[in-house]
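Asks: Got a predicted structure plus its sequence, pasted below:
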Amino acid sequence: MKSKTRTGSQIKSSKALMPWRRLSVLAAFVCLVVVLAGRALDMQVLHSTFFEQQGDARQLRHVTIPANRGDIVDRNGEPLAISTPVNSIWLNPQAFSADADSLKKLGRLLSIDPSRLQKKISTYKDREFMYLKRHVSPETAAKVLELNITGIALQDEFRRYYPAGEVAAHIVGFADIDDNGQEGVELAFDAWLKGEPGRKQVIRDRFGRAVDDVKRISSSEPGKPVRLSVDKRLQYLTYRTLKAAVLKHNAVAGSAVVLDVDSGEVLAIANQPSFNVNDRSQMRPDTTRNRAVTDVFEPGSTMKPLTVAAALESGHWRDFYKVETGPGYMQVMGNTIRDTHNYGDLDVGGVIMKSSNVGISKIALSLDAEQQWEMYQRLGFGSDTGSGFPGEATGRLSASALNNDFERATLAFGYGVSVTPLQLARAYAAIAADGYLKPVSFLNQEQTPKGERVMSAETAAAVRKMMKRVVSTKGTGGQAQVPNYSVAGKTGTVHKFTAGGYAENRYLSIFTGMVPADDPRLVMVVMIDEPRNGEHFGGEVAAPVFSKVMAGAMRLLDVPPTMSSRGACAG
Amino acid sequence: MNERQGMLLLATFLFALVMVTAIGLVYSKHKTRVLFVELELLNKEVVSLDTEWGRLQLEQSAWSDHGRIERIARERLDMRMPEAEQVAFIRP
């Protein structure tokens, strides 16, 4: 009873307070609910897209998935350029904070001086992105992440390696740090090699580290591989032999081209000087040029077999016809054309074998100007080879020789015309391929191109037979002989054309040839620019390079021998 | 009365359907995430295998470098190319 009274009095007293206290509390709650509901409505319904965007902008990031650049391989699948994944380390200077100790460790890992690092970061203080170091190995990158420094993150990239190094540097070329082709095949087939980078969405934390992958927007499409026509073994052999010759003769430069006769494929192209494609810090512009494709020279005496081809095609000449070259010089339009000796009467093959300027001039001048000129043009002089190589030169074949007998005579022995070593090789390949001129290709060809007929098979065979005599002990190219194989070729020693006209004692030494002579498989051009150690004749400087490379090539390509030396044939 | 019962039944059925699809949505979303994570893991594996492959290719080409083989053959193994006179051809 007592307790009941107390309760009753309590109710009574609360009842007395009720009107304003309960109402105000209730009102306060209602207000709160209204405010909350209003805010919720505002955020969830009225401005939901805005807030969603803002949230995503702070967390979700679109990240590009790097695409692998296609490999470049040689005709046998040996790698010439490979991309391997590496990491680039970047940092956000605004979020970056590290104590002195971890900064020192970081510096040591990336071999950067910590104080310089600090300075660099403060320079870019108002940026949100700077590269710390690009292209570090995944192992190093993992160690950097282990330091747990705020504001540092990784980016996946690819680094390009060139296993063949300087040996194939001019053909393969190179791509820059961002995987854009800069030279050579890397540039020519850049679009093909390049992959299509993909995109994905990730959630990032405040420091820019990817916490979670959300979804993939587009997959990355890896670049397609390129299979070159180059044979790495042959390329190495050519490069090594050329380099040794350039060194031995203290020459300024040199180029060598090896073509497959049937397909027009480039099997090897070597140039000196070359460069280390994997360390381009010491690279100079004059070493990166693929001289065999981009530089022109006057072919000199190596033009003579082509002139003879024009003569045979005209129908006015047969290989046994005689030409009088005595007394060793002749006058054309007031200019003198000379031979080194008086060779007397020579047959057409003898003109080639002895490389008589007088003889070839007489043959050329007996022809119609068009007949002579058109043969050079049909053989591809003055137009590109169809290789598609970046920076390819077309050379020059001037039409003015049509109206000037002296120019026409000098054209017959290779002056007043300029070609690249590749063009010269292609023209000789037409003689080797029974008169079919084929497009030159740096890519491995599935099928043999038919080519375009530029001379009859009989003419081609006759010229080859004459060029066989060059590579005999009596000819100028005896040192081009390849043991057990018959060789056809032509030497050339050209006075270098300089600013002051033709230099008296600066030469280009050239040899152009094919093996085996009767059914050629390979054509090779060797051009050595300014040998300065005494010897300078094409037969002394360039021919031995040809001989060495071809001897190795015949073995590498399993070409059956066509001659047996000193009866060593058994069985 | 009968009609009301029918409506109620329909409503219940639809409600159940909504619940099922809602849970289904959550489930499929979850599944997507799980599979995506798995995909990413596999992609990472692909990348690491690619790295390995590239590294091995590079290593192989370093060991099989023609210059290196030639040097070893000449210097360490004392090998040389036979002279033309030392070669005999056997015709079948």
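Replies: Okay, I see it.

Asks: Of all the residues in the top strand by length along chain A, which ones are buried?
Replies: Longest strand of chain A, by residue count under DSSP state E: strand A:501-515. Judged by neighbour count (16 or more other C-beta atoms under 10 Å in any protein chain shown), strand A:501-515 contains these buried residues: A:Arg506, A:Tyr507, A:Leu508, A:Ser509, A:Ile510, A:Phe511, A:Thr512, A:Gly513, A:Met514, A:Val515. Backbone N, C-alpha and C define where each C-beta goes, glycine included.

Asks: ditto for stretch A:298-305
Replies: Buried residues in stretch A:298-305, counted by 16+ other C-beta under 10 Å: A:Glu298, A:Pro299, A:Gly300, A:Ser301, A:Thr302, A:Met303, A:Lys304, A:Pro305.

Asks: ends of that stretch, how far apart?
Replies: One end of stretch A:298-305 to the other measures 15 Å (C-alpha to C-alpha, to the nearest Å).

Asks: Contacts made by it with the rest, please.
Replies: Here stretch A:298-305 makes contact (C-beta atoms under 8 Å, 6 or more residues apart in numbering or on different chains) with A:351-352, A:355, A:357, A:360, A:376, A:411-419, A:424, A:428, A:431, A:463, A:466-467, A:490-494, A:497, A:508, A:510-512, A:525, A:538.

Asks: Among these, which are located in helices?
Replies: Cross-referencing the contacts of stretch A:298-305 against helices under DSSP state H gives A:351-352, A:357, A:360, A:376, A:411-412, A:424, A:428, A:431, A:463, A:466-467, A:538.

Asks: before we move on, back to that, off-centre distance for the longest strand of chain A?
Replies: Counting by C-alpha atoms, centre = their mean, to the nearest Å, strand A:501-515 is centred 26 Å from the centre of its parent chain.

Asks: ok, it: who's next to it in the sheet?
Replies: Sheet pairing for strand A:501-515, assigned by DSSP bridges, gives strand A:488-498 (antiparallel), strand A:522-529 (antiparallel).

Asks: can you redo these as a markdown table with mean neighbour count and mean pLDDT?
Replies: Formatted as a markdown table, the strands paired with strand A:501-515 follow (neighbours: other C-beta atoms under 10 Å in any protein chain shown; pLDDT from 0 to 100):
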| stretch | mean neighbour count | mean pLDDT |
| --- | --- | --- |
| strand A:488-498 | 24 | 91 |
| strand A:522-529 | 29 | 96 |
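
Asks: so can I have TSV of those strands showing distance to A:Gln118?
Replies: Putting those into TSV (distance: least, C-beta to C-beta, whole Å) gives the following:
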stretch	distance to A:Gln118
strand A:488-498	55
strand A:522-529	51
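
Asks: Tell me which of the ones you listed sits nearest to A:Ala310.
Replies: Relative to A:Ala310, the nearest member of these by C-beta to C-beta is strand A:488-498, separated by 14.9 Å.

Asks: which pair in the buried residues of stretch A:298-305 spans the largest distance?
Replies: A:Glu298 and A:Pro305, at 15.7 Å, using C-beta to C-beta across the buried residues of stretch A:298-305.

Asks: Please determine whether the longest helix along chain B lies in contact with chain A.
Replies: Using DSSP H to define each element, chain B has its longest helix at helix B:2-63. Yes - residues of helix B:2-63 are located near chain A by C-beta under 8 Å from any C-beta of the partner chain, namely B:32, B:36-37, B:39-40, B:47, B:50-51, B:54-55, B:57-58, B:61-62.

Asks: for the nearest residue in space to A:Ile72 that is not next to it in sequence, what are its contacts?
Replies: Excluding its sequence neighbours, the residue lying closest to A:Ile72 (C-beta to C-beta, 6 or more residues apart in numbering or on different chains) is A:Ala81, at 3.9 Å. Residues near A:Ala81 by C-beta under 8 Å, 6+ apart: A:Asp71, A:Ile72, A:Arg160, A:Tyr161, A:Tyr162, A:Pro163, A:Val172, A:Ala175, A:Glu186.

Asks: Touching, the first one and A:Ile82? I think so.
Replies: What that stands for is A:Asp71. Yes - the criterion here is C-beta atoms under 8 Å, and A:Asp71 meets it with A:Ile82 at 5.4 Å.

Asks: how would you label A:Thr64: helix, strand or coil?
Replies: When classified by DSSP: H, G, I helix; E, B strand; the rest coil, A:Thr64 comes out as strand.

Asks: One more: A:Leu154?
Replies: At A:Leu154 the chain is in strand, as set by three-state DSSP.

Asks: cool, and A:Asp101?
Replies: A:Asp101 - assigned by three-state DSSP - is helix.

Asks: Run through the stretch 401-550 of chain A and note the low-pLDDT ranges.
Replies: For the stretch 401-550 of chain A, no stretch has pLDDT under 70.

Asks: quick revisit: direction included, what does the helix or strand containing the residue nearest to A:Ile72 pair up with?
Replies: Following DSSP states H and E, one finds A:Ala81 within strand A:79-91. Partner strands and pairing direction for strand A:79-91 (DSSP bridges) are strand A:72-73 (antiparallel), strand A:130-136 (antiparallel), strand A:152-161 (antiparallel).

Asks: chain center to it: distance?
Replies: 19 Å.

Asks: Averaged pLDDT, that strand. What do you get?
Replies: Averaging pLDDT along strand A:79-91 gives 87.

Asks: can you pull the buried residues of that strand?
Replies: In terms of neighbour count (16+ other C-beta under 10 Å), strand A:79-91 has its buried residues at A:79-91.

Asks: and what of stretch A:117-128?
Replies: Residues A:Leu117, A:Ile121 are the ones in stretch A:117-128 that count as buried (16+ other C-beta under 10 Å).
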